[in-house]
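In: Based on what follows, work out the 3D shape:
(2 chains)
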Amino acid sequence: MNASKPIVEIRGLVNRFGRHVVHEGLDLDIRRGEILGVVGGSGTGKSVLLRSIVGLKRPDGGSIRVFGEELQRLPAARRASIERRFGVLFQRGALFSSLNLQENVALPLIEHAGLSRADAERLARVKLALAGLPPDAARLDPAALSGGMIKRAALARALALDPEVLFLDEPTAGLDPIGAAAFDRLLVTLRDALGFSVFLVTHDLDTLYSSCDRVAVIADKRVLVADSLSVVEATDDPWIRDYFHGPRGRAASQAAQQLTSPPGGQS
Amino acid sequence: MPDTASRPGMLEQQAHRLSAVGDWTLPHYARLRDAVARVHEADSVDLAQLGELDTSGASLLVDLLGPDAVSDIAEWAPGLPPERQALLKAVADATRRRPLPPPAPRPAPLAALASLGQVVEQLARQQLQLIAFVGLTLSTLLTTLFTPWRWRLTSLVAHVQQTGLNAIPIVALLTFLVGAVVAFLGATVLRDFGATIYTVNLVAYAFLREFGVLLAAILLAGRTASAFTAQIGSMKANEELDALRAQGLDPMELLVLPRVLAMTVSLPILTLIGMLCGMFGGALVCALALDISFAQFIAIVQRDIPLGHFLVGIGKAPLFAFVIAVIGCLEGFKAEASAQSVGEHTTSSVVQSIFMVILLDALAALFFMEMGW
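Out: Numbering: from 1, shown residues only, chains lettered A, B, ... in the order given. Got it, this is the predicted structure:
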């Protein structure tokens, strides 16, 4: 397979709800093996973009090519087999409330990989541990979890089938700073090890600085710029200036520099 | 990397060393797990011919070697690409830091008995809770009765519309059909005695005393008790009840009272509609099948049926309404923050309220019979 070709190619995407236009002529690529951070003000359609790519919302125009194929035009069975190569972490976790954690993670393993229940649950516990959950959490119900644990469990479920693209909708929102930093490190480790690509919708500046290879800024119904952080920072746009050079942006930038400046400190 | 493209994963014994070859990935998991289980101990594995590797394969390698050996992987397998080493180390760290827990104990043979006991205890507790909730509702009702500015008129009217007005078509249709059926039954049985004229009395008695209120109440139990439980249950799941309490507002006053009062207003009206439609259905059958005209039907009802039957029927309506609404609300409060739980409690509220309506109706019938009303 051609390594340089993007896994997801979005061209001229249009999304609207009634008369409210969310996206108009939006272009974006997700490259193999990268962590792409997607930022933008509230209501600029970051989550809508994510839902369009994974096929939960039918776009009103434009094309989305995934692994070189137009998802909307494929027959349902072929589409399902492509969607199996996605992992999605929803904003609020969306764990199945009638199943406990290990059953949540084991479900796709049983349904798609054809594992026996015992094997699937064993593997599910490994994934839960990999996502940083203690072993006694495996038999808890989602209702008994804190926000941070839900995010970790949802990540474990998204990773269940070792996806090629991982879609994360604000994974560190609601985590304490230590938990969020650990989550960022975990993401980079897993990406390096498993080689998946990540589409990461986030508001967390620390995440952008510590783990993203490229950053796409959505504003005015399209992607304003999608490039490495230093290029994006230097882009002349009022929203980008406010975002990256406001007090929080500066602090995150300094923290990232301190982390990476000692020799060998790079992750 | 050696040329092992898409070769199924295997564990091979080569000379004195184990060798992991091929793809150690999810599709081969079950077979690889058996292979790993057969090997008792291994200090190191030759990973030079390893194909693809994912987390499931990595977890098997960690099982095979033990997490400590995997952590030192850089020493004994320096040829392995760094991202593979990172994956193995990540899985090893995750499994070592916290060993996997033993599976939950299997239920003992006596578990059936224990669960029977639990069900009985739960049932008793449920009735106690219901009585307590009835008391709470009544005391809230009493305290708000004397403070008219706290009456939630808008909410009350909205609920009357939902539970009463919107239920009129279904109640009317259903009682009409049952009325026709009762008339047919009566006509068939009474024809043998040449007493088909008493079909009128049968329909009138049945609907005034029992069927009007019972059918309306059962319909509302299915239609409204379930709605109350689902509404309050999902509000609880969404922490809306906590938000109300945190703002110093009483959910009993805001949510329960308007619903209970709306039901006690709606059900008597629906009962009246049910009685009329049931008798109309009976009258239609009488007119079409028995040659008893509408005028004659009404004349017989006026002559033979005392007012008391109507009062007995409609008097039960507010009681049934109160019980249905209270059960619906209480089950909503008992629901937990999961779709499963809201579903369970919705089922339970419908079953309980229909059961209670029929039980109370039977007790009332006994009482009225003894009293000679």
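In: got the buried residues for stretch A:185-194?
Out: Along stretch A:185-194, the positions that meet the burial threshold by neighbour count (16 or more other C-beta atoms under 10 Å in any protein chain shown) are A:Leu186, A:Leu187, A:Val188, A:Thr189, A:Leu190, A:Arg191, A:Asp192, A:Ala193, A:Leu194. The way it works is simple: take the backbone N, C-alpha and C, and place the C-beta from them, glycine included.
In: One more: stretch A:59-74?
Out: Buried residues in stretch A:59-74, counted by 16+ other C-beta under 10 Å: A:Pro59, A:Gly62, A:Ile64, A:Arg65, A:Val66, A:Leu71, A:Leu74.
In: quick one: contacts for the fifth one?
Out: Residues in contact with A:Val66, defined by C-beta atoms under 8 Å, 6 or more residues apart in numbering or on different chains, are A:Ile7, A:Val8, A:Ile53, A:Ile82, A:Val165.
In: before we move on, back to that, which ones among the buried residues of stretch A:185-194 are found in strands?
Out: In strands, judged by DSSP state E, none of those are found.
In: Among these, name the ones in helices.
Out: Secondary structure assignment by DSSP state H places A:Leu186, A:Leu187, A:Val188, A:Thr189, A:Leu190, A:Arg191, A:Asp192, A:Ala193, A:Leu194 of the buried residues of stretch A:185-194 in helices.
In: Put the alpha carbons of the helix or strand hosting B:Thr175 into PDB.
Out: Counting by DSSP states H and E, the element that carries B:Thr175 is helix B:168-191. What follows is the C-alpha trace of helix B:168-191 in PDB, where atoms were taken according to Å, rounded to 0.1, in the frame of the first residue of the first chain:
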ATOM      1  CA  ILE B 168     -59.400  10.300  24.700                       C
ATOM      2  CA  PRO B 169     -59.400   8.700  21.200                       C
ATOM      3  CA  ILE B 170     -57.800   5.500  22.300                       C
ATOM      4  CA  VAL B 171     -60.000   5.200  25.400                       C
ATOM      5  CA  ALA B 172     -63.100   6.000  23.400                       C
ATOM      6  CA  LEU B 173     -62.300   3.400  20.600                       C
ATOM      7  CA  LEU B 174     -61.400   0.700  23.000                       C
ATOM      8  CA  THR B 175     -64.400   1.000  25.300                       C
ATOM      9  CA  PHE B 176     -66.700   1.200  22.200                       C
ATOM     10  CA  LEU B 177     -65.300  -2.100  20.900                       C
ATOM     11  CA  VAL B 178     -65.500  -3.800  24.300                       C
ATOM     12  CA  GLY B 179     -69.100  -2.500  24.700                       C
ATOM     13  CA  ALA B 180     -70.100  -4.000  21.400                       C
ATOM     14  CA  VAL B 181     -68.400  -7.300  22.300                       C
ATOM     15  CA  VAL B 182     -70.300  -7.400  25.700                       C
ATOM     16  CA  ALA B 183     -73.600  -6.700  23.900                       C
ATOM     17  CA  PHE B 184     -72.900  -9.600  21.500                       C
ATOM     18  CA  LEU B 185     -72.100 -11.900  24.300                       C
ATOM     19  CA  GLY B 186     -75.200 -10.900  26.200                       C
ATOM     20  CA  ALA B 187     -77.400 -11.300  23.200                       C
ATOM     21  CA  THR B 188     -76.100 -14.800  22.500                       C
ATOM     22  CA  VAL B 189     -76.600 -16.100  26.000                       C
ATOM     23  CA  LEU B 190     -79.900 -14.300  26.700                       C
ATOM     24  CA  ARG B 191     -81.500 -15.300  23.400                       C
END
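In: Which residue is the nearest non-sequential neighbour of residue 214?
Out: Using chain A here. By the measure of C-beta to C-beta, 6 or more residues apart in numbering or on different chains, the closest residue to A:Arg214 outside its immediate chain neighbours is A:Leu36, 5.1 Å from it.
In: meant chain B, my bad for not saying
Out: B:Leu214 sits nearest to B:Asp361 (C-beta to C-beta, 6+ apart), 5.8 Å away.
In: Using the three-state scheme, assign the residue of the stretch 1-150 of chain B found nearest chain A.
Out: When distances are taken as C-beta to the nearest C-beta, the stretch 1-150 of chain B approaches chain A most closely through B:Leu87, which lies 3.0 Å from it. Put simply, B:Leu87 is helix when judged by DSSP: H, G, I helix; E, B strand; the rest coil.
In: Against A:Ile150, how distant is the closest residue to it other than its chain neighbours?
Out: The shortest distance from B:Leu87 to any non-neighbouring residue, by C-beta to C-beta, 6+ apart, is to A:Ala193 (3.0 Å). Using C-beta to C-beta, to the nearest Å, one obtains 24 Å as the distance from A:Ala193 to A:Ile150.
In: hmm, back to that, closest one of the buried residues of stretch A:185-194 to A:Thr202?
Out: For these, the residue nearest A:Thr202 by C-beta to C-beta is A:Leu187; the value is 10.8 Å.
In: Please report how far the closest one lies from chain B.
Out: A:Leu187 sits 11 Å away from chain B, taking C-beta to the nearest C-beta, to the nearest Å as the criterion.
In: from what I can see the residue of the stretch 1-150 of chain B closest to chain A touches B:Ser56, true?
Out: No: using C-beta atoms under 8 Å, B:Leu87 makes no contact with B:Ser56, being 11.2 Å away.
In: Look at these two and report which has more neighbours.
Out: When neighbours are counted by other C-beta atoms under 10 Å in any protein chain shown, B:Ser56 comes out ahead of the other of B:Leu87 and B:Ser56, with 28 against 25.
In: and that one, what element?
Out: B:Ser56 is part of helix B:55-65, with elements assigned from DSSP H and E.
In: which residues sit against that helix?
Out: Helix B:55-65 has contacts (C-beta under 8 Å, 6+ apart) with A:123, A:126-127, A:130, A:159, A:162, A:193-194, B:9, B:11, B:18, B:20, B:23-26, B:28-29, B:32-33, B:36, B:39, B:42-45, B:70, B:87-88, B:90-92, B:95.
In: which of those count as buried?
Out: Among those, the ones that count as buried by 16+ other C-beta under 10 Å are A:123, A:126-127, A:130, A:159, A:162, A:193-194, B:9, B:11, B:18, B:20, B:23-26, B:28-29, B:32-33, B:36, B:42, B:45, B:70, B:87-88, B:90-92, B:95.
In: hmm, back to that, pick out the lowest-pLDDT one from the buried residues of stretch A:59-74.
Out: Going through the buried residues of stretch A:59-74 one by one, the lowest pLDDT turns up at A:Leu71, 78.
In: and that one, how far is that from chain B?
Out: From A:Leu71 over to chain B (counting by C-beta to the nearest C-beta), the distance is 23 Å.
In: For that residue, list the residues it contacts.
Out: Under the criterion of C-beta under 8 Å, 6+ apart, the contact list for A:Leu71 reads A:Gly55, A:Ile64, A:Arg65, A:Arg79, A:Ile82.
In: Helix or strand: which one has the last one?
Out: Right, the one you point to is A:Ile82. A:Ile82 is part of helix A:76-83, with elements assigned from DSSP H and E.
In: Format the CA atom coordinates belonging to that helix as CSV.
Out: As requested, C-alpha coordinates have been extracted for helix A:76-83 and formatted as CSV (Å, rounded to 0.1, in the frame of the first residue of the first chain):
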residue,chain,number,x,y,z
ALA,A,76,-23.5,-1.7,3.1
ALA,A,77,-21.4,-4.8,3.6
ARG,A,78,-18.3,-3.3,2.1
ARG,A,79,-18.9,-0.1,4.1
ALA,A,80,-19.2,-2.1,7.4
SER,A,81,-15.9,-3.8,6.7
ILE,A,82,-14.2,-0.5,6.2
GLU,A,83,-15.8,1.0,9.3
